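Participant: Based on what follows, work out the 3D shape:
(chains A and B)
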2 protein chains.
Amino acid sequence: MTANTASLKPADKAAHPLDQLSALLGDDMQHVNAMIIKNMHSDVQLIPQLAAYLIAAGGKRIRPLLTLASTRLYGDMGPRPYGLSASVEFIHTATLLHDDVVDESVERRGKSSANIVFGNQASVLVGDFLFSRAFQLMVADGSLDVLRILSTASAVIAEGEVLQLAAANDTSTSLDQYKNIIAAKTAALFSAACEIGPIIAGSGAQAQQAMRDYGHNLGMAFQIADDVLDYTADEAKLGKTVGDDFREGKLTAPVLMALEKANDEERAFWTRTMGELNQQDGDLATAKAILKRHGAIEAGLVMARDYAAAGHAALNTAPPSPLRDALAAVLDFAVERDH
Amino acid sequence: MTANTASLKPADKAAHPLDQLSALLGDDMQHVNAMIIKNMHSDVQLIPQLAAYLIAAGGKRIRPLLTLASTRLYGDMGPRPYGLSASVEFIHTATLLHDDVVDESVERRGKSSANIVFGNQASVLVGDFLFSRAFQLMVADGSLDVLRILSTASAVIAEGEVLQLAAANDTSTSLDQYKNIIAAKTAALFSAACEIGPIIAGSGAQAQQAMRDYGHNLGMAFQIADDVLDYTADEAKLGKTVGDDFREGKLTAPVLMALEKANDEERAFWTRTMGELNQQDGDLATAKAILKRHGAIEAGLVMARDYAAAGHAALNTAPPSPLRDALAAVLDFAVERDH
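Facilitator: Predicted structure coming up:
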């Protein structure tokens, strides 16, 4: 259930919706990257070293792209979104660093994760630093509305992570609980990243609501599709291992949907494998077969498409432009990608 | 080198400078405690459970007391410092939670530490939550100056913790590096907690500078005295084990002063015990004997007293009042306590 921008890596770079979005934004992303590099700085060398290891490793920087696009969409062409986009990326990076410690991850974006290379201690502390730096960037911008939205999103993300921790290996988790978890741990920051665009542009409450809803629905669709891909993707295309959620006992949409239709034997299978983490060779293949039998993969994608449709409805209230079309394409890509 | 408000536990409760301070503040601390309890709340039950475990466990809440006192000292009697004092305590609590994970601590304030009871994962995430909640409280207050001071302090604390990590077991650490570490990891939050008082009271730049300096010097004196006590205190009075810094290889003022005067044999001793953490029975007693031989305990206390003197000089620019006298007494107590 790891939200991972690496999974947005394009098969065909030119045609990738995030690259199209970036192209429409001119050199905006270069300014954001410059802000990111500048604000990673600390006289304590381990901090920029570790931050650079993770940030320079790539990822598509979807969240800062969303902040930029949501600002430009409402006609503001000034420099204010640069610092705030960097702030959003720092919050995301801090949560990745802490997540990898919490999940005892060994890999991130195709490389050894920072906790493996630099240790848990440094990962926790540099996460704290980046989180603080994110707030310094918001303070430098000076909007209390932005500070309110991003501090609230940060608290909600932490709540979502704790909820996920509590739900791990619990096969009685409901689909509603799952939605609450991903709304908090993933969609909250997508939503906040989008909402601050119209705030910067001074476009009023309706525009804010539209972009908040677009971001929320994009985050939900993106995470559900990500969770489906963990059972369906081609490892080579995905660029990371599949079956991680199964091995870790993270109950996600496909399994929860299959659990609703499970017979006694299947329920015993899910309890043993994901509840008790007592797994044998061939269990992942069995899991995939059960998901297929109950149409759980398709049902997951339907759920993701419903969120995408709600995202389109919200986006359609924004002024039409090539940028709006590009944001719509991101929504479709989040669901329909095979990697 | 652990800053620990528990070490301010009074031998004689009535006479304790922090209790005297609290008494002068009437029911202010009850309001702050109510704000702390209210804002620990989350529908995710593990969050208030874990937060309550640590926060309810006590500690003298010196940082929120400082914010309250610094506000009242400048004549502001309104409710604004309640939320901001809670915010300061949340930042402190978040750093304690993360510190205990980073240090692999097993005890805090005489109880099993939260990472032992609730696990590292929950400690990291609830720390993140409290940190976010601290910023939500600042946003609710609405002062960008306060937000700037506390977000900067938070970044500096993280830098100090990373510096400390890098200096652990490094017997070539200089006294200046030690001072930089404690200025960041301890004094920065004391300083910020004090500086926001005159901001709330609207008392201008000179008052801000005075309280910033008072807080910085109090934090420095407090931490150096704490580091000395780790070699001199009576465990029963201190309420925690002594010798922790020695066992963990944290190079603090007394040892760094002894290292400056060390002969070859002593240098080999410090390198083996604190550099390589190759320790045997009797090593702590030997360490204490070497510190005594070089007058390193007394030299550490002289250094702490110098900071206390600078704190008095800063405080004396504030308007005289019983509250100012109580803040002066806290400064003396920080250095002269035997526990």
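Participant: any idea how far B:Leu218 is from A:Asp332?
Facilitator: Here A:Asp332 is placed at a distance of 58 Å from B:Leu218 (CB to CB, to the nearest Å). No exception for glycine: its C-beta is placed from N, CA and C like everyone else's.
Participant: For the two, work out which one has more neighbours and name it.
Facilitator: Of the pair A:Asp332 and B:Leu218, B:Leu218 is the one with more neighbours under other CB atoms under 10 Å in any protein chain shown, namely 30 against 15.
Participant: In what element of secondary structure is that one found?
Facilitator: helix B:205-232 (DSSP states H and E).
Participant: what distance separates that helix from the middle of the whole chain?
Facilitator: Distance of helix B:205-232 from the chain centroid (CA atoms, centre = their mean, to the nearest Å) equals 9 Å.
Participant: Okay, now the unreliable bits of the stretch 51-200 of chain A?
Facilitator: By pLDDT under 70, the low-scoring segments of the stretch 51-200 of chain A are A:58.
Participant: Which stretches in the stretch 1-150 of chain A count as strands?
Facilitator: Assigned by DSSP state E, counting those that start in this stretch, the stretch 1-150 of chain A shows strands spanning A:107-108, A:111-112.
Participant: Ranking the ones you listed by mean neighbour count, which comes first?
Facilitator: Stretch with highest mean neighbour count among these: strand A:107-108 (a mean of 18; mean count of other CB atoms under 10 Å in any protein chain shown).
Participant: helices and strands around that one, which ones?
Facilitator: When contacts are defined as 3 or more CB pairs under 8 Å, 6 or more residues apart in numbering or on different chains; DSSP states H and E, strand A:107-108 packs onto no helix or strand at all.
Participant: ok, it: who's next to it in the sheet?
Facilitator: strand A:111-112 (antiparallel) (DSSP bridges).
Participant: The helix or strand hosting A:Glu161 near chain B anywhere?
Facilitator: Per DSSP H and E: A:Glu161 is located in helix A:144-167. Yes - shown here: helix A:144-167 in contact with chain B (CB under 8 Å from any CB of the partner chain) through A:144, A:147-148, A:151-152, A:154-155, A:157-159, A:161-163, A:165-166.
Participant: Taking helix B:144-167 as reference, get the angle to that helix.
Facilitator: 50 degrees (axes from the mean of the first three to the mean of the last three CA atoms, to 10 degrees).
Participant: hey, C-alpha coordinates of the helix or strand immediately after helix A:144-167 in the chain in PDB?
Facilitator: Per DSSP H and E, helix A:144-167 leads on to helix A:175-182 as the next helix or strand towards the C-terminus. Only the C-alpha atoms of helix A:175-182 are listed here, as PDB (Å, rounded to 0.1, in the frame of the first residue of the first chain):
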ATOM      1  CA  LEU A 175     -13.600  -1.300   3.100                       C
ATOM      2  CA  ASP A 176     -14.700   1.900   4.800                       C
ATOM      3  CA  GLN A 177     -11.800   1.600   7.200                       C
ATOM      4  CA  TYR A 178      -9.500   1.100   4.200                       C
ATOM      5  CA  LYS A 179     -10.900   4.200   2.500                       C
ATOM      6  CA  ASN A 180     -10.300   6.200   5.600                       C
ATOM      7  CA  ILE A 181      -6.700   5.000   5.800                       C
ATOM      8  CA  ILE A 182      -5.900   5.900   2.200                       C
END
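Participant: circling back: what packs against the helix holding B:Leu218?
Facilitator: If contacts are counted by 3+ CB pairs under 8 Å, 6+ apart, helix B:205-232 sits against helix B:62-72, helix B:175-182, helix B:188-201, helix B:244-248, helix B:253-260, helix B:283-293, helix B:296-315, helix B:322-336.
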